[in-house]
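Participant: Got a predicted structure here, sequence first:
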Amino acid sequence: MAAYVINEIVVTEPERFQTYSQQVPAILAKYGGEYVIRGGDPERVDGPGPPDKLVVLRFESREAARAWRTSPEYLAILPIREATSTSRVYIVDGYAG
């Protein structure tokens, strides 16, 4: 079953954050992930205001999403994201119908 990584991001240092975001696509591809939403311009419809950026990644399974998230390549750049933004990140299984 497909799994999705959902990341709500508030960027605090845009220039340094770019260093992180430019490296993610190659690592994501290596682990079979793909962007469903990358950045966008979230529009509040209900509830609290949206984050600066919303990123949704698709993987073939929860295990594949975890493998990407805990990979040495991703862990090497994660400190950049943590230093230049605040985030809430979730892994969610897709709908099986």
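Facilitator: On my side now, so go ahead. Because the structure is predicted, anything quoted here is derived from the model rather than measured.
Participant: CA atoms for contacts and neighbours, from now on please.
Facilitator: Fine.
Participant: Only the buried residues of stretch 59-69, if you could.
Facilitator: Using 16 or more other Cα atoms under 10 Å as the test for burial, stretch 59-69 gives 59, 60, 61, 62, 64, 65, 68, 69.
Participant: hang on, the last one packs against residue 75?
Facilitator: Yes - counting by Cα atoms under 8 Å, residue 69 touches residue 75, with 7.4 Å between them.
Participant: Identify the contacts common to these two.
Facilitator: Contact criterion Cα atoms under 8 Å, 6 or more residues apart in numbering; no residue bridges residue 69 and residue 75 by contacting each.
Participant: re the thing from before, between all of the buried residues of stretch 59-69, which two are at the greatest distance?
Facilitator: Maximum pairwise distance in the buried residues of stretch 59-69, criterion Cα to Cα, is 13.8 Å, between 60 and 69.
Participant: What ranges does this structure have for its helices?
Facilitator: In the chain, the helices defined using DSSP state H lie at 14-30, 62-69, 72-84.
Participant: Need the winner for burial among those helices.
Facilitator: helix 62-69 (a mean of 18; mean count of other Cα atoms under 10 Å).
Participant: For it, give me every contacting residue.
Facilitator: With contacts defined as Cα under 8 Å, 6+ apart, helix 62-69 is touched by 1-5, 27-28, 31-33, 58-59, 74-75, 91-93.
Participant: list the contacts for residue 51?
Facilitator: Residue 51 makes contact with 8, 9, 10, 42 under the criterion Cα under 8 Å, 6+ apart.
Participant: which residues touch the nearest residue to residue 85 once chain neighbours are set aside?
Facilitator: Counting by Cα to Cα, 6 or more residues apart in numbering, residue 85 lies nearest to residue 11, which is 4.2 Å off, once chain neighbours are set aside. When the contact criterion is Cα under 8 Å, 6+ apart, the partners of residue 11 are 17, 52, 53, 84, 85, 86.
Participant: Tell me the one of those residues nearest residue 38?
Facilitator: residue 53 (7.6 Å).
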